[in-house]
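> all I have is the shape, not the residue letters:
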């Protein structure tokens, strides 16, 4: 696919989703915490498919955690709005030759319609163009097979590199099983990303 076609596809995706992107500010903290919690915890998260309610209870994040990402050097919390309402977000952090992608949340009511793939493509584009990085890294709870498969369809690969889940630190939730760990997923960023279903 040539570059003009990719640009046309991106413009069509943006027009179809009707979203705008901006960096989060301190004023967004409450809305972002509510969004992240709704996407991953409690009964409201079950509306979407990214819920972690069966494996983790308690909080996913808190105002301090969100503010820390907003304020950190070499980091940004990309906020996605539709009709003036925050509907999604993701963290991008510059780490030398790669960027870290995290704190990704899409409103449960909008999941499954293609918005997530548009946002992650935009995040990859920004990381590549603004920081010149050649790889994106992320960590995903290793038992989240459906979520990992979604990332694999976006070009990420499993590395088998695991880090322990912070059991006992309720800032990250209350585990409902004893086999949780994080797996590193990576993706090589190229100038032109192929369209993926």
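In hand now; what should we look at? Not measured: the values here are computed from a predicted model.

> following the lengthiest strand in the chain, which helix or strand shows up next?
With DSSP state E setting the assignment, residue counts place strand 85-95 as the longest strand in the chain. Once the chain leaves strand 85-95, the next helix or strand it forms, by DSSP states H and E, is strand 98-106.

> can you give the distance of the very next helix or strand once past that following strand from its chain's centre?
Once the chain leaves strand 98-106, the next helix or strand it forms, by DSSP H and E, is helix 115-131. Taking the mean of its C-alpha atoms, helix 115-131 sits 10 Å from the chain's own mean (Cα atoms, centre = their mean, to the nearest Å).

> who are the packing partners of helix 115-131?
In terms of contacts (3 or more Cβ pairs under 8 Å, 6 or more residues apart in numbering; DSSP states H and E), helix 115-131 is packed against helix 3-17, strand 19-23, strand 75-82, strand 85-95, strand 98-106, strand 135-141. The way it works is simple: take the backbone N, C-alpha and C, and place the C-beta from them, glycine included.

> ok, the longest strand of the chain: who's next to it in the sheet?
Taking DSSP bridges as the criterion, strand 85-95 sits next to strand 75-82 (antiparallel), strand 98-106 (antiparallel) in its sheet.

> just those strands: most buried one?
strand 98-106 (a mean of 22; mean count of other Cβ atoms under 10 Å).

> what average pLDDT does that strand get?
Strand 98-106 comes out with an average pLDDT of 96.

> and that strand, how far out from the chain middle?
Per Cα atoms, centre = their mean, the displacement of strand 98-106 from the mean C-alpha position of its chain is 4 Å.

> which residues sit against that strand?
Strand 98-106 is contacted from outside by 35-36, 38-40, 48, 50, 61, 66, 69, 77, 87-93, 115-116, 119-120, 123-124, 127, 131, 133-139, 186, using Cβ atoms under 8 Å, 6 or more residues apart in numbering.

> 6 Å - rerun?
35-36, 39, 88-93, 115-116, 127, 133, 135-138 (Cβ atoms under 6 Å, 6 or more residues apart in numbering).

> related to what we said a few turns ago, which among the helices and strands packed on helix 115-131 is found nearest to residue 178?
Between residue 178 and the helices and strands packed on helix 115-131, the tightest spacing by Cβ to Cβ is seen for strand 135-141, at 13.0 Å.
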